[in-house]
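Novice: The following block contains a protein sequence and its predicted model.
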Amino acid sequence: MTAPRTVTVHTADHGDLVIPEPQWCIAPHGSEGYRVDIEHYGTQTPLLVPTACHGLAAALPVFFAWRPFSPTDSRIHAVIELDQWHEFDPAGLHQAADALIEHAAVLRVHARQLAALLTEEHQ
């Protein structure tokens, strides 16, 4: 078993803190301002959409984030960018996945409609 990782973070309000470092964290730590500002985050994984104009386009990147000293919610979240970054708990992430599946169906309907429109246009 691997020993738990720790990292020392300098804060203006609590001095040097030795805190747990999740295995998935890629955030640089050193000086985070205040203890409440400490954040762990992981590697982003985007949805890759093939496009004719730019090849693979990245959308909806998701990553894990944890603000262990947050006064509002100190749990680990999955974070997705939807014009802004939004945090999700497990149930919310399932709802987002369901919404993506539903939207995929909408995209397929549009693809069929577009194919029909293009067929009509060339007749």
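Specialist: Arrived safely. Residues are numbered from 1 along each chain as shown.
Novice: so how far is the helix or strand containing Glu102 from its chain's centroid?
Specialist: Using DSSP states H and E, Glu102 sits in helix 90-121. Centre-to-centre, helix 90-121 and its host chain are 21 Å apart (CA atoms, centre = their mean, to the nearest Å).
Novice: Stretch 47-61 too?
Specialist: On CA atoms, centre = their mean, the centre of stretch 47-61 falls 16 Å from that of its chain.
Novice: pLDDT on it, on average?
Specialist: The predicted model assigns stretch 47-61 a mean pLDDT of 86.
Novice: by contact count, what packs against the helix holding Glu102?
Specialist: Applying 3 or more CB pairs under 8 Å, 6 or more residues apart in numbering; DSSP states H and E, we find helix 90-121 packed against no helix or strand. Bear in mind the C-beta positions are built from the backbone N, C-alpha and C, glycine included.
Novice: Quick check: buried residues in it?
Specialist: Buried positions in helix 90-121, judged by neighbour count with 16 or more other CB atoms under 10 Å: 93, 96.
Novice: Tell me the gap between the helix or strand containing Thr8 and the middle of its chain.
Specialist: Assigned by DSSP H and E, Thr8 belongs to strand 5-11. Centre-to-centre, strand 5-11 and its host chain are 23 Å apart (CA atoms, centre = their mean).
Novice: got a list of contacts for it?
Specialist: 16-23, 29-35, 37-38 (CB atoms under 8 Å, 6 or more residues apart in numbering).
Novice: Nice, that's everything, thank you.
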